[in-house]
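In: dropping the sequence and predicted coords here.
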Amino acid sequence: MITPLASLHRLVWSALLAALVALGAFLQIPLGPVPFTLQPYFVMLAGYLLGPLHGAGAVTLYVCAGLLGLPVFAGGKAGLAVLLGPTGGFLAGFVLAAWVTGQAQRLDDPAWGRGMALGVAALICIYGLGVLRLMAVLDVGAGRALALGAAPFVLQDLAKAVLAVATWRWMLARGLAPR
């Protein structure tokens, strides 16, 4: 049975992680139509810590804040135009990625290998939806979209996945992760 206090605890964590995803958008390096940000780290961490439903909910809260006009997207952007633009697929991929890494809550043992497998699957979701949107908006083929929206980020995002798994395991080991 979930108590009202436990529900409030989850909501607070969801809001915190939504805010961290927004903060990750401001820590950026522009690289063409898709900037390098810390968002994938916080997106994956939201899933690892909150589970599939609340992790995806936290990221959806972030996306909704941007859609409502709060300047939380990369470069301080906001609004529907961002979601319909070149980076919109990546934003949709973030929600799915948090759901994917949230599957870690179902693991009996938070092992590195399983956590990384979920992190890689999450990155595939982000890149898959992002590249599809780039192809549509920029009217380019899959190869060009991969070169613009995925290839420059793969190594850095794998490092973010390692960091997200490490943070999740560290927090679990110390009883700091929400349950």
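Out: Perfect, I can see it now. Numbers count the residues shown, from 1 in each chain.
In: the closest residue to residue 102 other than its chain neighbours sits in which helix or strand?
Out: Excluding the flanking residues, the one nearest residue 102 by C-beta to C-beta, 6 or more residues apart in numbering is residue 52, at 3.3 Å. All C-beta atoms are positioned from the backbone trio N, CA, C, and that covers glycine. Assigned by DSSP states H and E, residue 52 belongs to helix 39-67.
In: residues making contact with the very next helix or strand once past that helix?
Out: Helices and strands here follow DSSP H and E; after helix 39-67, the next one along the chain is helix 80-84. Helix 80-84 is contacted by residues 63, 66-67, 73, 88, 91-92, 137 when judged by C-beta atoms under 8 Å, 6 or more residues apart in numbering.
In: show me what the following helix or strand past helix 80-84 is packed against.
Out: Using DSSP H and E, the helix or strand that follows helix 80-84 towards the C-terminus is helix 88-102. With contacts defined as 3 or more C-beta pairs under 8 Å, 6 or more residues apart in numbering; DSSP states H and E, the packing partners of helix 88-102 are helix 39-67, helix 80-84, helix 112-138.
In: now helix 88-102: average pLDDT?
Out: Mean pLDDT, computed over helix 88-102, is 97.
In: CA-only coordinates of that helix in PDB, if you can.
Out: In PDB, the C-alpha atoms belonging to helix 88-102 read as follows (Å, rounded to 0.1, in the frame of the first residue of the first chain):
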ATOM      1  CA  GLY A  88      11.700  17.600 -31.000                       C
ATOM      2  CA  GLY A  89      12.400  13.900 -31.600                       C
ATOM      3  CA  PHE A  90      15.100  13.900 -29.000                       C
ATOM      4  CA  LEU A  91      12.700  15.500 -26.400                       C
ATOM      5  CA  ALA A  92      10.200  12.700 -27.100                       C
ATOM      6  CA  GLY A  93      13.000  10.200 -26.900                       C
ATOM      7  CA  PHE A  94      13.900  11.500 -23.500                       C
ATOM      8  CA  VAL A  95      10.500  10.500 -22.100                       C
ATOM      9  CA  LEU A  96      10.800   7.000 -23.600                       C
ATOM     10  CA  ALA A  97      14.400   6.700 -22.400                       C
ATOM     11  CA  ALA A  98      13.400   7.500 -18.800                       C
ATOM     12  CA  TRP A  99      10.800   4.800 -19.000                       C
ATOM     13  CA  VAL A 100      13.400   2.300 -20.300                       C
ATOM     14  CA  THR A 101      16.000   3.000 -17.600                       C
ATOM     15  CA  GLY A 102      13.100   2.900 -15.100                       C
END
